[in-house]
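*Asks:* Here you go, sequence then predicted model.
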Amino acid sequence: MQSEKLIQTLLEQSRQIINRAESLKNHDLNTLTWKENEISWSILECLEHLNLYGDFYLPQIENEIKNSTAKTDIEFNSGILGNYFAKSMLPKENLNKMKTFKDKNPLNTKLDKSVIDRFINQQIKLLDLLNQSGNVSLNKVKIKTSISSFIKLKLGDTFQFLVNHIVRHLCQIDRIQVAMKKA
Amino acid sequence: MKEIIELSENTITIDRKEFLKVKGSIDTNIYYIESGSVRIFVLDEYDEQTIRFGYTDNVIVSLDSFMTGKPSDLFIQAIKKTIIKVVTKQQINKFLETESNKNLWIKILENLVIQQMEREIDILTSSPKQRYERVLKRSPQLFQEIPNRHIANYLRMSPETLSRLKKS
């Protein structure tokens, strides 16, 4: 698809993500730390998990954009692996539980509302990076994944992967809120 | 303006602090505020700089994006829960097919240009007191609708300075 269209789509998704996070700030700490059972995550744990991913990807993306000499491409062509990773992140109908990498597991760390602020700040940073990426090639700039530094994805795919991952966990937060009401 | 607002077929509600628009997005809508208040700001490095407000009965739009169809750096954020009627650019284009409507539109744009010129002088006025007085004279309603800290940012002064000026 057109690079500009991809960026506009991701900007719009980011806008909705920020708005969702702002609304979560209105809840009290009890609600935000409620867990359905011992090993399932609370709302804050979901957001902290996302923060950990942001910590890994955002500085790298910023660096690669800054140092890139590859000029903007009109067309973005999703890589086979990148496309696969991005799509696999999307929440499916019969939710498929995924294993979490140990260093990205937020379980039982001490969390408070500042987690939400940190998350929102990361989304604003992401907006900034999406805007900056308009000056470079979404195809040629490559980003190392958190799985392995030998696996690199196109910048365009990385953005989509990041956003889809966030959407996945926001759906999880929706389910947590539903479960809380029933409890 | 009323004729344009009547074109709206879509009313939306945004909660306090929700973003109607973020930096970099293309937004060709015209928004009429039925109730509530919003601010339009840009990010200057990491500082927010409010450039305009909208409250009950106002119309707001990211005019750059509206006119060019290109991305705009503006953020539009609700200050409190706000109900908005949305008019799309397609609706405006259809509206402008009539000669009398085109003339109305020209009057609206002329008005906007004058407002922009006033705002340009605001920003170039070095005395905080004068900046405050210009806006107070032009839009006294602003001080009823919008919290002080946002007005202070708009006037490019600290909230403390604004409080002091209001008292004197």
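*Replies:* Alright, I've got the coordinates.

*Asks:* so what does the lengthiest helix in chain B touch, helix or strand wise?
*Replies:* Longest helix of chain B, by residue count under DSSP state H: helix B:99-124. If you count contacts as 3 or more CB pairs under 8 Å, 6 or more residues apart in numbering or on different chains; DSSP states H and E, helix B:99-124 packs onto helix B:2-5, helix B:89-95, helix B:128-138. For the C-beta atoms, the positions are set from N, CA and C on the backbone; glycine is no exception.

*Asks:* what about B:Thr13, how many neighbours?
*Replies:* 13 (other CB atoms under 10 Å in any protein chain shown).

*Asks:* ok, residues contacting the lowest-mean-pLDDT helix or strand in chain B?
*Replies:* For chain B, counting by mean pLDDT, DSSP states H and E, helix B:2-5 ranks last in confidence among helices and strands (a mean of 90). Here helix B:2-5 makes contact (CB atoms under 8 Å, 6 or more residues apart in numbering or on different chains) with B:Ile30, B:Tyr32, B:Val59, B:Lys85, B:Val87, B:Ile92, B:Phe95, B:Asn101, B:Leu104, B:Ile108.

*Asks:* Let me know how buried the closest residue to the third one other than its chain neighbours is, in neighbour terms.
*Replies:* Distances taken as CB to CB, 6 or more residues apart in numbering or on different chains place B:Tyr32 nearest to B:Val59, at 5.2 Å, with adjacent residues excluded. Burial measure for B:Tyr32: 24 neighbouring residues, criterion other CB under 10 Å.

*Asks:* pretty sure B:Tyr32 belongs to a strand, no?
*Replies:* Yes - counting by DSSP: H, G, I helix; E, B strand; the rest coil, B:Tyr32 is located in a strand.

*Asks:* wait, what's in contact with it?
*Replies:* B:Ile4, B:Ile5, B:Ser8, B:Asn58, B:Val59, B:Ile84, B:Lys85, B:Val86, B:Val87.

*Asks:* about what we covered before: got JSON lines for the helices and strands packed on helix B:99-124, with mean neighbour count too?
*Replies:* Below are the helices and strands packed on helix B:99-124 laid out as JSON lines (neighbours: other CB atoms under 10 Å in any protein chain shown):
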{"stretch": "helix B:2-5", "mean neighbour count": "13"}
{"stretch": "helix B:89-95", "mean neighbour count": "14"}
{"stretch": "helix B:128-138", "mean neighbour count": "15"}
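
*Asks:* can I get these in TSV with distance to A:His49?
*Replies:* Below are those laid out as TSV (distance: least, CB to CB, whole Å):
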stretch	distance to A:His49
helix B:2-5	44
helix B:89-95	40
helix B:128-138	45
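
*Asks:* follow-up on the earlier one: how far away is the residue nearest to B:Val59 from chain A?
*Replies:* Separation of B:Tyr32 from chain A (CB to the nearest CB, to the nearest Å) stands at 20 Å.

*Asks:* in chain A, which spans are strands?
*Replies:* Assigned by DSSP state E, chain A shows strands spanning A:142-144, A:152-154.

*Asks:* about what we covered before: by contact count, what packs against whatever helix or strand comes next after the least confident helix or strand of chain B?
*Replies:* The first helix or strand that comes after helix B:2-5 along the chain, using DSSP states H and E, is strand B:10-14. In terms of contacts (3+ CB pairs under 8 Å, 6+ apart), strand B:10-14 is packed against strand B:82-87.
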